[in-house]
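Asker: just a sequence and a predicted model for now, questions to come.
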Amino acid sequence: MVSENLKKILDNSVNNNRLSHCYLFSSSSSIDIDESLIYFINKINKSEINSLDEQNLPANVMFFSDDLSKAKILSVMENSTLASFVQDTYKIIILKEIDKASNASLNALLKSIEEPSDDTIFLLTTKNLSAVLQTILSRSVVINLKPPSSLEIESELLTKGFEKEQAWFYSHILTDISQAEKYISNNSHDLVLSLLEAINNSFKERYFLYVFLTRFSKKDKKDTMIFIVLCLKFIFSWIWSQFSFKNPLMKKVASKLKTAKIDFFALFTGLDEFINCLDSNENNFLQTERMLTKVMGAYE
């Protein structure tokens, strides 16, 4: 979902003909920043692109996500001085995760930002605003992309045809509607019910949950395991919630959590560590096994 904050800032800039030459999109790792970039491009160029696939982008949109070397930046500088290839449109230069570029690359970029052609706009992104050079920040309009609320996500899921109970549940585990396409499939609801049953049985014998989770520990099941871990975080948070459940199994699990002998701090630490290490190069099986060990160890 596109941040309402972005829509407001961009609409105001377009309506008042006050577009900047450089925007810095700041977001958390859970937000699909590409949606916002696409919205921005389509809004100012009145275009209808639907992805940032470099093979299908129009000639006036340049996208760099991996190589932000000094040589690449210098190439960008040369292109930024040229007029747009498409009449009456802006040339858009996208540089993702600008905080990871070297100082030499960023110093080369500064000149481009300061002296672009009139129809060139730079779109920079970061998931770590504090790591961006002050000289870049001072020359950019910073747009903080705020995640949608659970109610907004639930409403969007309902419009996509999800049942009320499913939309409510998923809205509490997803931080962006784009995650639905990645993690939710036709059998996800059945998977949630099976997970709830495993948790319910784990109150008597913890290894019911362990056996269930190990079915998804292989590399080709990584997205399913991520979905399950997000579900676990939400379900175990019911110990502090005031939800009124209609689903009998959800109601049963929520009730038993109140008296369960579980070290919830240790449990959530294990789940959070798994989520936080997803972008690392560590072996997925080892990550999963460490998480399972900590979850089982949290049962007293």
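Answerer: Received the coordinates, thanks. Computed from a predicted model, the values in this text were never measured in an experiment.

Asker: where along the stretch 201-300 of the chain do the helices fall?
Answerer: 207-214, 222-236, 248-257, 264-276, 284-298 (DSSP state H, counting those that start in this stretch).

Asker: could you check the angle helix 284-298 makes with the shortest one?
Answerer: If you take axes from the mean of the first three to the mean of the last three CA atoms, to 10 degrees, helix 207-214 sits at 170 degrees to helix 284-298.

Asker: now the strands for the chain?
Answerer: With DSSP state E as the criterion, the chain has strands at 22-26, 61-64, 91-95, 120-126, 141-144.

Asker: possible to save those as JSON lines with distance to residue 258?
Answerer: Every residue, glycine included, has its C-beta placed from N, CA and C. Listed next are the strands of the chain as JSON lines, based on distance: least, CB to CB, whole Å:
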{"stretch": "strand 22-26", "distance to residue 258": "39"}
{"stretch": "strand 61-64", "distance to residue 258": "50"}
{"stretch": "strand 91-95", "distance to residue 258": "49"}
{"stretch": "strand 120-126", "distance to residue 258": "42"}
{"stretch": "strand 141-144", "distance to residue 258": "38"}
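
Asker: which of these has the lowest mean pLDDT?
Answerer: Lowest mean pLDDT of the strands of the chain: strand 61-64, a mean of 80.

Asker: list the buried residues in it.
Answerer: Buried residues in strand 61-64, counted by 16 or more other CB atoms under 10 Å: 61-64.

Asker: also stretch 164-172?
Answerer: 166-172.

Asker: next one: it to chain centre, how far?
Answerer: 18 Å (CA atoms, centre = their mean, to the nearest Å).

Asker: show me what it is in contact with.
Answerer: Stretch 164-172 is contacted from outside by 150-151, 153-154, 157-158, 162, 180, 184, 188-189, 192, 234, 246-247, using CB atoms under 8 Å, 6 or more residues apart in numbering.

Asker: rerun at 7 Å
Answerer: 150, 153-154, 157-158, 162, 180, 184, 189, 192, 234, 247 (CB atoms under 7 Å, 6 or more residues apart in numbering).

Asker: show me where pLDDT drops low in the stretch 151-300 of the chain?
Answerer: The stretch 151-300 of the chain contains no residues with pLDDT under 70.

Asker: related to what we said a few turns ago, quick one: which of the strands of the chain is nearest residue 280?
Answerer: strand 120-126 (18.8 Å; CB to CB).

Asker: tell me the helices and strands packed up against that closest one.
Answerer: strand 22-26, helix 33-45, strand 91-95 (3 or more CB pairs under 7 Å, 6 or more residues apart in numbering; DSSP states H and E).

Asker: what about these, which gets the closest to residue 14?
Answerer: So among the helices and strands packed on strand 120-126, helix 33-45 is nearest, using CB to CB, at 6.4 Å.

Asker: out of the helices of the stretch 201-300 of the chain, which one sits most buried?
Answerer: helix 222-236 (a mean of 19; mean count of other CB atoms under 10 Å).

Asker: what's it packed up against?
Answerer: helix 178-183, helix 188-202, helix 264-276.

Asker: what angle do the last one and helix 222-236 make?
Answerer: Yep, that's helix 264-276 we're talking about. Using the same axes, to 10 degrees: helix 264-276 against helix 222-236 is 150 degrees.

Asker: kindly export helix 264-276 (C-alpha atoms) in CSV.
Answerer: C-alpha atoms of helix 264-276 as CSV (Å, rounded to 0.1, in the frame of the first residue of the first chain):
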residue,chain,number,x,y,z
PHE,A,264,7.4,-15.4,26.6
PHE,A,265,10.4,-13.1,26.6
ALA,A,266,12.6,-16.0,25.5
LEU,A,267,10.1,-17.2,23.0
PHE,A,268,9.7,-13.8,21.3
THR,A,269,13.4,-13.3,21.4
GLY,A,270,13.8,-16.5,19.4
LEU,A,271,11.1,-15.6,16.9
ASP,A,272,12.4,-12.0,16.5
GLU,A,273,16.0,-13.2,15.9
PHE,A,274,14.8,-15.5,13.1
ILE,A,275,12.9,-12.6,11.4
ASN,A,276,15.8,-10.2,11.8
